[in-house]
Every structure is written in structure tokens, then in C-alpha cells.
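Trainee: got a predicted structure here, sequence first:
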Amino acid sequence: MKTVLFLCVANSARSQMAQGLAQHHLGDRITALSAGSEPSEQVNPLAVQVMADAGIDISPHTSKSVDQYDLSKIDLVVTLCADEVCPAVPGKFKRLHWPIDDPAGPNALEAFIKARDLISQKLIDGFSE
């Protein structure tokens, strides 16, 4: 089973949603983790809400630092940053970059739904082999 780390800056929205979606769609095929280079205090409540609307509970998730993981055990790192600088982590693993706009801001609910749906589609497309 492959271990996939979804990575962004704050680990409060996109990477948390990606972890929840990966566990939902691919839980029997991968181990999904998430982290950030500068973790926030908590998972964004709108991320929890839009995931619950999709039938996925990420309310127990907490924001974590990438430093908490042994990167030698990671098979794939997926960065989810768009305009901000994505964290760079050293290691001998495959890397993918999915540029997803930070959903926090004006029209946040719609942006969170859009981010959730984009991540879900990328997971389905990217792991369909």
C-alpha cells in the first residue's frame, strides 16, 4: 500500500480535504496523510462543512506539520498550492503538483466547494490505474 502525503502551507483546508477525499475514494489502496509547512491552529470550519456535505467527516482532523512525518516512508507527495509558495520537502519520493486556489476569502463557501470538487476529480483521474 502506498503512502501519500498531501501538502500545503497551513494544512487547514486543501490538504485536509484531499486527505479526507483520498481516504473516502481510495482508502483500501493508499494511506493518506496531510501536513503543512506552517500549520494553522485548526482545520478551517468551511472545509469541515463542505466535506460533511459530501458525506465525509474530517472534523477529527488536526493541522499537522510536515516535520511530524518520517519522509522516508512516503511514496508520493502531492502539493496543493496555487499562488502561494508551496512547501518544498527533501526526499526520494514521487511528486505531483495540483495547483488549487486557496479557498479562504470572498465567496469562501463556493470556493471551498470548488476546491473540494477539483481535488476529488484529480484523485479519481490520477489514481484510476
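Mentor: Here it is on my side, so go on. Predicted model, so just to flag it, every value in this text is computed and none were measured.

Trainee: tell me the backbone dihedrals of residue 86, please.
Mentor: For residue 86, the backbone dihedrals (degrees, to the nearest 10) come out as phi -70, psi 150.

Trainee: what about it, distance to residue 102?
Mentor: In this view, residue 86 and residue 102 are 11 Å apart by CB to CB, to the nearest Å. Placement of C-beta: from N, CA and C, glycine included.

Trainee: between those two, which has more neighbouring residues?
Mentor: residue 102 (19 against 16; other CB atoms under 10 Å).

Trainee: specify the local secondary structure of residue 31.
Mentor: Three-state assignment for residue 31 (DSSP: H, G, I helix; E, B strand; the rest coil): strand.

Trainee: pretty sure it sits against residue 1.
Mentor: Yes - with contact defined as CB atoms under 8 Å, residue 31 reaches residue 1; the gap is 5.8 Å.

Trainee: tell me the centre residue of the protein?
Mentor: residue 15 (1.8 Å; CA atoms, centre = their mean).

Trainee: and it, that one's in a helix?
Mentor: Yes - assessed with three-state DSSP, residue 15 lies in a helix.

Trainee: what sits against it?
Mentor: Shown in contact with residue 15 (CB atoms under 8 Å, 6 or more residues apart in numbering): 6-8, 34-36, 80.
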